[in-house]
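In: This is a predicted model, with the sequence first.
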Amino acid sequence: MRRAGVVLAIGLGLASAGAAARVLQVGPSKPYTTPSAAAEKARNGDTVEIDAGVYPGDVAVWRQDRLTLRGVGGRAHLRADGRAAAGKAIWVIQGRDVTVENIEFSGAAVSDLNGAGIRHEGEGLAVRHCYFHDNENGILGGGGEVLIEHTEFAGNGHGDGYSHNIYIGEHTRRLTLRYSYSHHARIGHNVKSRAQENHIVYNRIMDETDGTSSYAIDLPDGGLSIVMGNLIQQGPQTDNSTIISYGAEGRRHRDARLFVVNNTIVNDRHDGVFLRVAAEAPPALLANNLLIGRGEPSTGPVERIGNVTGDSRAVRDRAAFDYRPAPRSAAIDAAAALDAPPGIGLVPTGEYRHPAGAAVRGRHDALDAGALEWLP
């Protein structure tokens, strides 16, 4: 009997694992009227399609693996309205390898001041074409590999300096942030990551005229990090004069290499530091960037190659945040050839297109310094 029971249990397990993935439909006239109702019934591998519209006060914990959670017909707007799943977030994602697409998250606030649009507690997350705004954190947590692309983060942060537009935790093996727009974090950072490896490429990360964020990018634990092809701007009301910070809280990860390459970085504050690297970190590479505004290009152990410093004449319209090179910009054809380490690509192939879009980087002649190529 025990043997038969084991066989039966194994058979049931295989049947469950092999069950066909389903599409669960959410909306006022659909089988599930709220996302939280679908979260209770979803199984591993399911797709949940959520009709566009506002879902006030609807919060959920997603425990299943390999889910796709997708807004259809436009963005589905999850507005917290004072509620939080597990006291943490609008969505708490605990499953493995979950994809979130076309969802808007707003208003997350909890008693410990750390409420998030998404609190990620699983392994593996992909976020695409989403919008996080006016939460205490946009995305908080992380595990495995985290991909964020074509997504906007605006006005997240409690205002105490401990909550951010994006805050990726130390258990993340790799963060890839690309073709996204992170701006106006409230006192906190526009991007903060403790991941072992960071690829922050082809984004727009800004305070603009009235933002009060601290760092544009904070990588406090070090890690292998490539910051390339970004449009980065520090506003006059920033809470911190440093734009990019690396290793400020110690060297937690074995691989502590930093490459800051072909970005356009604008400081609209009266002073500041474009890149600050902790004294105990290995030398970082600051190369082929267009640096506009006052301040020190770098402090700490940094090798500088092919960077161009300039003023408003280097770009088409600094006041309107049009950072394309002006026709006579010193950035044109100014990038130096780099001897990249094996496995590290340091030649930009893409460009950010506003809002939260992507383009292939063209080439007129030699590579330009900065994030955008001048084309006649």
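Out: Happy to help now that I have it.
In: what about stretch 343-350, distance to the chain center?
Out: 19 Å (CA atoms, centre = their mean, to the nearest Å).
In: Let me fix that, I meant to ask about stretch 49-58.
Out: The answer for stretch 49-58 is 23 Å, by CA atoms, centre = their mean.
In: Just the C-alpha atoms of it, please, in PDB.
Out: In PDB, the C-alpha atoms belonging to stretch 49-58 read as follows (Å, rounded to 0.1, in the frame of the first residue of the first chain):
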ATOM      1  CA  GLU A  49      -4.800  39.600 -18.400                       C
ATOM      2  CA  ILE A  50      -6.200  42.700 -16.700                       C
ATOM      3  CA  ASP A  51      -8.400  45.100 -18.500                       C
ATOM      4  CA  ALA A  52      -7.400  48.800 -18.600                       C
ATOM      5  CA  GLY A  53      -9.000  50.900 -15.900                       C
ATOM      6  CA  VAL A  54      -8.600  51.800 -12.200                       C
ATOM      7  CA  TYR A  55      -8.700  49.100  -9.500                       C
ATOM      8  CA  PRO A  56      -8.900  51.200  -6.300                       C
ATOM      9  CA  GLY A  57      -7.700  49.500  -3.100                       C
ATOM     10  CA  ASP A  58      -7.000  46.200  -4.800                       C
END
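In: quick one: contacts of it?
Out: Contacts to stretch 49-58, defined as CB atoms under 8 Å, 6 or more residues apart in numbering, come from residues 23-28, 30, 34-36, 38, 69-83, 103. Glycine gets a C-beta too; all of them are placed from N, C-alpha and C.
In: can you check stretch 96-105 too?
Out: Outside stretch 96-105, the residues that reach it (CB under 8 Å, 6+ apart) are 50, 62, 65-72, 74-78, 80, 90-91, 93, 117-118, 122-133, 135, 138, 144.
In: State the next helix or strand along the chain beyond the lowest-mean-pLDDT helix or strand in the chain.
Out: None of the helices or strands of the chain scores lower by mean pLDDT, DSSP states H and E than helix 2-17, at a mean of 38. From helix 2-17 onward toward the C-terminus, using DSSP states H and E, the following helix or strand is strand 23-26.
In: tell me the mean pLDDT over that next one?
Out: Here strand 23-26 scores 98 as its mean pLDDT.
In: Then stretch 237-252?
Out: 95.
In: Quote the end-to-end distance of it.
Out: Stretch 237-252 stretches 31 Å from its first residue to its last (CA to CA, to the nearest Å).
In: buried ones in it?
Out: Within stretch 237-252, the residues that count as buried by 16 or more other CB atoms under 10 Å are Thr238, Asp239, Asn240, Ser241, Thr242, Ile243, Ile244, Ser245, Tyr246, Gly247, Ala248.
In: now stretch 54-73
Out: 55, 58-71.
In: From those residues, pick the one nearest Ser163.
Out: Val59 (17.9 Å; CB to CB).
In: how close does the closest one sit to Val266?
Out: Distance of Val59 to Val266, computed by CB to CB, to the nearest Å: 38 Å.
In: for Arg361, same thing?
Out: 19 Å.
In: is the residue lying closest to Leu125 once chain neighbours are set aside in a bridge, and if so with what?
Out: Excluding its sequence neighbours, the residue lying closest to Leu125 (CB to CB, 6 or more residues apart in numbering) is Val146, at 5.0 Å. Beta-bridge pairing of Val146 under DSSP bridges involves Leu125, Leu175.
In: and if you look at Tyr131?
Out: Going by DSSP bridges, Tyr131 forms beta bridges with Glu104, Glu152.
In: Might you report the residue contacts of Trp367?
Out: Residue 367: Leu, not Trp. By CB under 8 Å, 6+ apart, the neighbours of Leu367 are Asn262, Asn288, Asp333, Ala335, Val347, Pro348, Glu373.
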